[in-house]
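>>> A structural model of the following input is requested.
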Amino acid sequence: MQLEIIVKFVLATASTVFLFISGVAVPPIGVALFPLVPQPVLSFGIKYGIMGGMGVTVLALSLVLFWGGGELAFIYSVFAVVVGLLFLLLGRVRVIEALVFGIAAVIFAGFTGLLLYLFGSWEAMLQDLRRNLNDSLSSAVQMHEKMGFPQESVAILKERAPEIAEMVLQLLPAAAFISLGLVVLFNVVFLCRRFPEKRDQWLAVASLREWKAPDFLIWGLIVSGFALFIPGFDLVKTFAGNIVLVICACYFFQGLAIVAYFFNKNSVPRFVRGIVYLFIVFQQLFTLLVVGLGLFDLWVDFRRLKKQDLNPSQAS
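Numbers count the residues shown, from 1 in each chain. Below you'll find the model as predicted:
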């Protein structure tokens, strides 16, 4: 038994380091790999004890620091904090949106403050981010040229690169917050699938297909939407744009829950579900339709979950 635990400890450490290094080495697949980085650690900790899980985290962080240096270790430390907070809060905070938003907010605030301290000022941090974004866009333009894209499209991309970089920079806080939330959410979902007997202890909602965003979010969307059209006040517009993006992400997942609900209700084959989900993720029109589906569910109640004095789980 002791040997089995040691072997699983080593495998969990190797798995999380491999997923992280692979995501860094091959950025296009990093989007798929990074959310999985905490999973081996969390699974080991749930099965063999939280202290063992934190031991895996410390060892993995040490290996990343040794092989990859301080910058990669800093990035991995984000996942390490996700692991620590999930060990601390899973089962104590059973409302899924509170768990995801709470952990994402703590990590976002903490690492933003740390970056501000390291850079010394907002201006220095923004300049460094702007320079990195411009370099990334320049690399993308060069790649388009090498791949033989039409010269007209390459020229347009070159011309608009500064505008694109500025827009990305303005919405970067929301993108970072949403990314953190996705990492937390995916790992909670994976853990619930891996340990179904613990699901009721961890989450209040019986099924994520029944999930809906808090009703008060609509007011945040309305106020922030109006703020985008206030003349002048660029800082207010930037803040409002980030709020709108985060709220739209919430309604996107509500829309996705509706789609999953009807897939399950009508026993749609998994192959068809996979194709639809791919369209939703990679086709902007479908993405926007799902956001709209989640938003209008506030009034239409597509799943008929709003019954007198019943919560979503009871209504089903």
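
>>> distance of Glu210 from Leu288?
Separation of Glu210 from Leu288 (CB to CB, to the nearest Å): 23 Å. (Each C-beta comes from the backbone N, C-alpha and C, glycine too.)

>>> mind checking which of those two has more residues around it?
When neighbours are counted by other CB atoms under 10 Å, Glu210 and Leu288 differ, and Glu210 comes out ahead with 19 against 14.

>>> in this structure that one contacts Arg304, no?
No. No contact is recorded between Glu210 and Arg304 when judged using CB atoms under 8 Å, the distance being 11.0 Å.

>>> what's around Val236, how many residues?
13.

>>> and it, what does it touch?
227, 230 (CB atoms under 8 Å, 6 or more residues apart in numbering).

>>> what helix or strand is it located in?
Take DSSP states H and E as the rule and Val236 turns out to sit in helix 234-265.

>>> okay, which residue is most central for this protein?
Geometric centre of the chain, nearest residue: Leu182, 2.2 Å, by CA atoms, centre = their mean.

>>> contacts only, for that one.
Counting by CB under 8 Å, 6+ apart, Leu182 touches Pro35.

>>> one step back: and the next helix or strand past the helix holding Val236?
In the C-terminal direction, the helix or strand that comes right after helix 234-265 (DSSP H and E) is helix 270-282.

>>> packing partners for the helix or strand that comes right after that following helix?
Downstream of helix 270-282, the first helix or strand assigned by DSSP H and E is helix 284-300. Taking 3 or more CB pairs under 8 Å, 6 or more residues apart in numbering; DSSP states H and E as the contact definition, the neighbouring helices and strands of helix 284-300 are helix 217-227, helix 234-265, helix 270-282.

>>> pLDDT at the closest residue to Lys237 other than its chain neighbours, what is it?
For Lys237, the nearest residue in space outside its immediate sequence neighbours is Leu228; the separation is 5.7 Å by CB to CB, 6 or more residues apart in numbering. Among the per-residue scores, Leu228 holds a pLDDT of 91.

>>> if anything else comes up later, I'll come back, but that's it for now.
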